[in-house]
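Student: need the 3D shape of this:
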Amino acid sequence: YSLVEDHVEALFQDEQNTLWAVTRSGVSKYSPQLNKFGLIQYFDYQDKSYVGNIYNTYEDKQGTIWLGTLTSGLMKLNPDNTIGAIYPKLVDGKYQTKAVRSIFEDSKGNLWIGTSKDGLFKFDRETEKATLVANVQNGKLKSNTIRNIFEDKEGNLWIGNQYGLSLKDSKSNSFTHYRADEVNRNNSVYQIEQHPSKDLLILATFRDCFIYFDGENYSNFNFTSDNNSQTAINFLTIDSDKFLWIGTNRGVFTLDLASFYKGKVLINSYTTNNGLIGMETNLNAIYQDKKGNVWIGTSEGINIFRRDKASVSNNYIPTTNISKVKLHFGEKNWRNESNLVFSYKKNNFTFQYNCNYFKDPSKVKYSYKLIGQDEVWSPNQIENYTRYSNLKNGKYLFKVKATIDGFNWSNIDSFSFEITAPFW
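Tutor: Numbers count the residues shown, from 1 in each chain. This is a model prediction of the structure:
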């Protein structure tokens, strides 16, 4: 295989089943029939050369492929994938842009152009003219950075931008704006999806969580606290099996939506420890092809999750065992002893434990509690041991459990003992 560049910005599949991988150096096309990539790296049109820093690729309802670039405006391809036209600047009076961040065709056939810093345009494919619809300057938007354009099943047009979420009135060019947090400065919405069975939008954000929005209220679901991911969500997509794919700068996660709405959180994660080629995913760089395979673009190249060779959901619940109990750093292991009573002088304990999850041991986290000493369970930690010193006399029960995803927990293993009071 060959890519024009490893840093893959976006992915999509056209009507000929060709997969397009977008980079800032050009476009790579993967043909399943030939099992290899073809490259489009140089963009020449009407005796001029244009920089191939592609940010977005889109196929409209007529099968025409459009490329959005960071510095070369909007590009249109012919059916044979040669350059059909290049619009280096979209101009409407005093307003213009050459940085196309998102492209979207609505149900009425309007082609919308979201820009990096110049607001929202509409492009007429017949006249080849652009019309500015909304920006900060004309008072219709709160941010000129358009990250995503989405039409819901009711025909409402939603704009994900750096300010938050904006809804276009279907009968006018007015907009209503929504923010998840008025205090937090960064309310960027990177991607918008619609829940497959509920009247909810699912939003990818910069705020360590994805957000449900019902048209009036926001609700957050922070899945990252126990998953080594503390950065932005770069993409969301719901696959044909109703799994929500979540791309971050620390790996990719899947959430079983059917189980989630029954009160059970089943999360699986993919990192470089279990097959992901690069930890950092890119904005909107995910696509499910017609065979159900999921393609993921990262900073290091492309991953493909083949539906026929693996399962999305990781329902595996690990088993946790206390392996060793030692006194005063001694060599004897007291783990298999019972009815243990120690003198008040033997009050320093070390507990060691393990979990039988070998697929990616780095993901295992433990939580423990010593009843008789601790009020609550410990914070999750990767270390598989803990120590207690200078315990007072009394009866104790040590408990430990493990988790892979931060939500589903293993069995609880335990060890009981007693420390006697001093003779005086």
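
Student: gap between residue 171 and residue 110?
Tutor: Note on residue 171: its distance to residue 110, by C-beta to C-beta, to the nearest Å, is 14 Å. Using the backbone N, CA and C atoms, a C-beta is placed for each residue, glycine as well.

Student: in the chain, which spans are helices?
Tutor: With DSSP state H as the criterion, the chain has helices at 257-260.

Student: max-length strand in it?
Tutor: strand 394-403 (DSSP state E).

Student: buried ones in that strand?
Tutor: By 16 or more other C-beta atoms under 10 Å, the buried positions in strand 394-403 come out as 396, 398, 399, 400, 401, 402, 403.

Student: any stretches of the stretch 1-150 of the chain with poor pLDDT?
Tutor: Along the stretch 1-150 of the chain, segments meeting pLDDT under 70 span 1-17, 19-42, 52.

Student: nearest residue to residue 233 other than its sequence neighbours?
Tutor: Among residues not flanking residue 233 along the chain, residue 204 sits closest, at 4.0 Å (C-beta to C-beta, 6 or more residues apart in numbering).

Student: an error on my part: the question was meant for residue 211.
Tutor: residue 203 (4.3 Å).

Student: list the contacts of the residue lying closest to residue 347 once chain neighbours are set aside.
Tutor: Excluding the flanking residues, the one nearest residue 347 by C-beta to C-beta, 6+ apart is residue 391, at 4.3 Å. Contact analysis of residue 391 by C-beta atoms under 8 Å, 6 or more residues apart in numbering lists 347, 348, 349, 373, 419.

Student: which of these sits closest to residue 189?
Tutor: residue 373 (46.1 Å; C-beta to C-beta).

Student: what about the residue nearest to residue 233, distance to residue 271?
Tutor: Counting by C-beta to C-beta, the gap from residue 204 to residue 271 is 19 Å.

Student: next: residue 54.
Tutor: Distance from residue 54 to residue 271, by C-beta to C-beta: 27 Å.

Student: again, but for residue 372
Tutor: From residue 372 to residue 271 the distance is 38 Å (C-beta to C-beta).

Student: more crowded one of the two?
Tutor: residue 271 (19 against 16; other C-beta atoms under 10 Å).

Student: next, give phi and psi for the more buried one.
Tutor: phi -130, psi -180 (degrees, to the nearest 10).

Student: quick check, pLDDT for the residue lying closest to it once chain neighbours are set aside.
Tutor: Of all residues not flanking residue 271 in the chain, residue 251 sits nearest, at 4.2 Å (C-beta to C-beta, 6+ apart). As predicted, residue 251 sits at a pLDDT of 83.

Student: tally of neighbours for residue 251?
Tutor: By other C-beta under 10 Å, neighbour count at residue 251 equals 24.

Student: and it, what are its bridge partners?
Tutor: Beta bridges link residue 251 to residue 248 when assigned by DSSP bridges.

Student: that one and residue 416, how far apart?
Tutor: The spacing between residue 251 and residue 416, counted by C-beta to C-beta, is 39 Å.

Student: circling back: and the residue nearest to residue 347, how close does it get to residue 397?
Tutor: Counting by C-beta to C-beta, the gap from residue 391 to residue 397 is 12 Å.

Student: which residues touch the nearest residue to residue 376 once chain neighbours are set aside?
Tutor: Among residues not flanking residue 376 along the chain, residue 369 sits closest, at 7.0 Å (C-beta to C-beta, 6+ apart). By C-beta under 8 Å, 6+ apart, the contact set of residue 369 is 376, 377, 378, 398, 399, 400.

Student: who's in contact with residue 392?
Tutor: Going by C-beta under 8 Å, 6+ apart, the list of residues near residue 392 reads 347, 419.

Student: same deal with residue 198?
Tutor: residue 261.

Student: show me where the stretch 251-400 of the chain has its strands.
Tutor: Here the stretch 251-400 of the chain has its strands, by DSSP state E, counting those that start in this stretch, at 251-256, 267-270, 281-288, 294-298, 301-305, 320-327, 341-342, 349-355, 365-371, 385-388, 394-403.

Student: how about residues contacting the shortest one?
Tutor: Outside of strand 341-342, the residues that reach it under the criterion C-beta under 8 Å, 6+ apart are 327, 417, 418, 419, 420.

Student: repeat that for 10 Å
Tutor: By C-beta atoms under 10 Å, 6 or more residues apart in numbering, the surrounding residues in contact with strand 341-342 are 327, 334, 349, 391, 393, 395, 396, 417, 418, 419, 420.

Student: the closest residue in space to the fifth one that isn't next to it in sequence: neighbouring residues, count only.
Tutor: What that stands for is residue 393. Distances taken as C-beta to C-beta, 6+ apart put residue 421 closest to residue 393, at 4.1 Å, once the chain neighbours are dropped. The number of residues packed near residue 421 is 10, by other C-beta under 10 Å.

Student: cool, and residue 59?
Tutor: 17.

Student: find the nearest non-adjacent residue to residue 151, please.
Tutor: Per C-beta to C-beta, 6+ apart, closest to residue 151 is residue 106, 5.0 Å.

Student: and that neighbour, how far from residue 158?
Tutor: In this view, residue 106 and residue 158 are 11 Å apart by C-beta to C-beta.

Student: need the overlap of contacts for the two.
Tutor: 149, 150, 151, 168.

Student: run through the residues that contact the residue nearest to residue 211.
Tutor: 148, 150, 158, 160, 164-165, 178, 180, 187-193, 209-213, 218, 220, 233, 236.

Student: gap between it and residue 215?
Tutor: Distance from residue 203 to residue 215, by C-beta to C-beta: 12 Å.
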